[in-house]
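[1] what's the 3D shape of this:
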Amino acid sequence: PGDPSDEGLPVWDAGQTGLIMVATGEFYAHLGLVNRQGTVVYAPKSEEGIEFSSGGLAMVRVNGLCGYINSSGDTVIAPQFLWAEKFNDSHLARVGLINGETVYIDEKGTAVDVSGSRYFDTLTYNGQGIAYGEFAGITGLYDSTGTCVFDSQGQSLDRYWYFINGLYQFSYTDKTVYTD
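    Residues are numbered from 1 along each chain as shown. The predicted model follows:
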């Protein structure tokens, strides 16, 4: 297997499972997981990076469709979605169905009605339960209850943030910010 870090891919997962992502194929097109002893836990077949959410599931894309695996490499939700996001700390993930509909699912793959929680439709969550977006006129970072945990004071935030050593790192204007 090639070294995914050579291509800028994350080596350790955010879920702290101790698994290492490995890549095979031309241009590292297939990703899998090995444990620290080098035993294959999930054979390289995912077409996207594998990162576990805090709930213990990771999205994988196989043959163009997304599903979810656990840290043992077992398929928990079979690949069936056009696209999928990581589960948030409310244990819900937004997915795209084949018919073009967007729904939230629980960790068993069952569609969940979130119509009473308006912020779910406007914010995109990372695996640690933090979302970037605008809600109620405030642009910033939000927790899974829709509470703003960082108000960017009207400044545009870098959509990509990182969870490093227990801190979130993101950029806005000309600053790099670290916060818990």
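[2] Okay, now the unreliable bits of this structure?
    Flagging of the chain using pLDDT under 70 yields the residue ranges 1-16, 27-28, 89, 115-130, 132-136, 144-145, 154-175, 177-180.
[3] helix or strand for the residue nearest to R36 when sequence neighbours are not counted, which one?
    In space, and not counting its chain neighbours, R36 is closest to G18: 5.8 Å by Cβ to Cβ, 6 or more residues apart in numbering. Any C-beta I mention is one placed from the backbone N, CA and C, and that applies to glycine too. For G18, there is no enclosing helix or strand under DSSP states H and E.
[4] Report the separation between G18 and S71.
    Plainly put, G18 is 9 Å away from S71 if you go by Cβ to Cβ, to the nearest Å.
[5] Who has more neighbours out of those two?
    When G18 and S71 are compared on other Cβ atoms under 10 Å, the one with more neighbours turns out to be S71, at 19 against 11.
[6] residues contacting that one?
    Neighbour list for S71: 15, 17, 19, 41, 52, 56, 58 [criterion: Cβ atoms under 8 Å, 6 or more residues apart in numbering].
[7] Could I get these in CSV, plus columns for distance to Q153, neighbour count and secondary structure?
    What follows is those, written out as CSV (distance: Cβ to Cβ, whole Å; neighbours: other Cβ atoms under 10 Å; DSSP: H, G, I helix; E, B strand; the rest coil):
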residue, distance to Q153, neighbour count, secondary structure
G15, 32, 20, coil
T17, 36, 17, coil
L19, 38, 23, coil
V41, 44, 19, strand
F52, 33, 23, strand
G56, 35, 17, coil
A58, 34, 30, strand
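[8] which one is S46 nearest to, not counting chain neighbours?
    Nearest-residue entry for S46: V60, 4.0 Å, with adjacent residues in sequence omitted and distances by Cβ to Cβ, 6+ apart.
[9] Let me know the secondary structure of that neighbour.
    Using DSSP: H, G, I helix; E, B strand; the rest coil, the structure places V60 in strand.
[10] all numbers from here: first residue = 280
    Shifting the count to begin at 280 puts that one at V339.
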